[in-house]
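Colleague: Sequence below, structure please.
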Amino acid sequence: MKLDGLHHITMITGDARRNVEFYADVLGLRLVKKTVNFDAPEAYHLYFGDEQGSPGSLLTWFEFAGARPGRAGVGMVHTIQLGVASEAALDFWAERLAGRGYGGRRGERSLSFADYEGLGLELVVADEGNPPLRALHPDVPTEHAILGVEGARAYVARDSAADRGLLTDTLGFTELDEGGYRLGGETRHFHWSYDAYGERGIQGAGTVHHIAWHSRDEDHVAWQRRVADAGMRVTPVIDRDYFLSIYFREPQGILFEIATTSPGFAVDEDPEHLGEELRLPKQHEHLRPQLERSLSPLSNPRATAGRQA
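Modeller: Residues are numbered from 1 along each chain as shown. Just a heads-up that it's a prediction; the model follows:
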């Protein structure tokens, strides 16, 4: 039984319109689902990824309109690494981001920058064999498109044997160097790293809420048992409409989720029109008239491009 790399990473934004503008236009990802937070239906939950919304490509946001800026600190993810194919792709993105007002810093085979709320992002040349998970965008050449999520870095107060045991013994990560781990699945891998840091974080706009690992459907309940047997306080299986989930906090306090492959994002929308209409969890469908009045109108760039074609 193995986790197959990453499923998704979920953040907080205070501005859904700018969120769509940056991730679906500037970065060229596809807005694959426009729905609401199960636990706070007055808040959008927006999903971005490749053309199908494949696990491993997904970045998602809760919009708490007007949320104050947060700050990554101990027990929080501070940087998300997105794969590209080459150094030439890094050159393309450095120019594109600068043209949109986002400065970047080149490193060795990488480009670091922040989004409109200060979330740390890094483009890295992906050279370890993950299948490409591309979205289509008219202004982004296919050879330069983002290929999926390659890794993430989190702040911790100290090196912990409990963290190491959970990751390696329970979840199947391989320890690499100091603070570094690799999750290798059947089809995808993911790099996970801890960086020592002393300050407490503040959750708010521009911060990561949780990170979700990808389980095969048939293994999900077994993962729940394994995590519980490791001493973690794990939730019951929760139906999130597009996947099933369990949640628990790793020893440093970072919220982990394990999510299934199925049923996927085409369960309630035509694959050609993902993310174009507001979809609501079944228990919140009765709130549709109220939510359609209160949520900010959002235009899916893919739908707009289709109408203009």
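Colleague: these two touch, right, residue 3 and residue 214?
Modeller: Yes: if you go by CB atoms under 8 Å, residue 3 and residue 214 touch, sitting 6.1 Å apart. Placement of C-beta: from N, CA and C, glycine included.
Colleague: shared neighbours of these two, anything?
Modeller: Both residue 3 and residue 214 are in contact with 185, 258, where contact means CB atoms under 8 Å, 6 or more residues apart in numbering.
Colleague: and those two? which has more neighbours close in?
Modeller: Comparing residue 3 with residue 214 by other CB atoms under 10 Å, the one with more neighbours is residue 214, at 27 against 22.
Colleague: roughly how far out does stretch 100-114 sit from the chain middle?
Modeller: Between the centre of stretch 100-114 and the centre of its chain there are 19 Å (CA atoms, centre = their mean, to the nearest Å).
Colleague: Same question for stretch 58-72.
Modeller: Distance, stretch centre to chain centre, for stretch 58-72: 12 Å (CA atoms, centre = their mean).
Colleague: Helices of the stretch 51-200 of the chain, residue ranges please.
Modeller: 87-99, 161-165 (DSSP state H, counting those that start in this stretch).
Colleague: Can you tell me which of these is packed in deepest?
Modeller: Mean neighbours per residue, mean count of other CB atoms under 10 Å, is largest over those for helix 87-99, with a mean of 16.
Colleague: which residues are in contact with that helix?
Modeller: Helix 87-99 is contacted by residues 26, 84, 103-104, 106, 109-111, 113, 123, 125, 139-141, 143-144 when judged by CB under 8 Å, 6+ apart.
Colleague: any idea how far residue 7 is from the closest residue to residue 163 other than its chain neighbours?
Modeller: Closest residue to residue 163 apart from its sequence neighbours, by CB to CB, 6 or more residues apart in numbering: residue 251 at 5.2 Å. The gap separating residue 251 from residue 7 is 21 Å, by CB to CB, to the nearest Å.
Colleague: Give me the more crowded residue out of these two.
Modeller: Between residue 251 and residue 7, counting by other CB under 10 Å, residue 7 is the more crowded of the two (27 against 17).
Colleague: Please name the strands paired to whichever strand or helix holds residue 256 in the sheet, noting orientation.
Modeller: Element membership for residue 256, per DSSP states H and E: strand 255-260. Note on strand 255-260: by DSSP bridges, its sheet partners are strand 208-215 (parallel), strand 244-249 (antiparallel).
Colleague: Dump the C-alpha coordinates for whichever helix or strand comes after it into CSV.
Modeller: Going down the chain from strand 255-260, the next helix or strand is helix 288-294, by DSSP H and E. What follows is helix 288-294, C-alpha atoms only, in CSV (Å, rounded to 0.1, in the frame of the first residue of the first chain):
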residue,chain,number,x,y,z
ARG,A,288,-28.2,28.5,-3.8
PRO,A,289,-30.4,31.7,-4.1
GLN,A,290,-28.7,33.3,-1.1
LEU,A,291,-25.2,32.3,-2.1
GLU,A,292,-25.6,33.4,-5.7
ARG,A,293,-26.5,36.9,-4.3
SER,A,294,-23.7,37.1,-1.8
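Colleague: ok, residues contacting helix 288-294?
Modeller: Helix 288-294 is contacted from outside by 36, 41-42, 278, 280, 284, using CB under 8 Å, 6+ apart.
Colleague: same thing but at 6 Å, please
Modeller: Identification of contacts with helix 288-294 by CB atoms under 6 Å, 6 or more residues apart in numbering yields residue 280.
Colleague: Now do the buried residues in that helix.
Modeller: residue 291 (16 or more other CB atoms under 10 Å).
Colleague: what do you get for stretch 57-71?
Modeller: Buried residues in stretch 57-71, defined by neighbour count with 16+ other CB under 10 Å: 57-65, 67, 70.
Colleague: centre of the chain versus it, how much separation?
Modeller: Distance, stretch centre to chain centre, for stretch 57-71: 11 Å (CA atoms, centre = their mean).
Colleague: pLDDT on it, on average?
Modeller: The average pLDDT within stretch 57-71 is 96.
Colleague: Stretch 254-269 spans what distance, first to last residue?
Modeller: The first and last residues of stretch 254-269 sit 32 Å apart, counting by CA to CA, to the nearest Å.
Colleague: in it, what counts as buried?
Modeller: Per 16+ other CB under 10 Å, stretch 254-269 contains these buried residues: 254-261, 264-265, 268-269.
Colleague: What is the end-to-end distance of stretch 269-277?
Modeller: Across stretch 269-277, the terminal residues are separated by 8 Å (CA to CA).
Colleague: Just the pLDDT for the nearest residue to residue 82 once chain neighbours are set aside.
Modeller: Spatial nearest neighbour of residue 82, chain neighbours left out: residue 146 (5.0 Å); criterion: CB to CB, 6+ apart. pLDDT recorded at residue 146 is 98.
Colleague: Next: residue 304.
Modeller: pLDDT at residue 304 comes out at 57.
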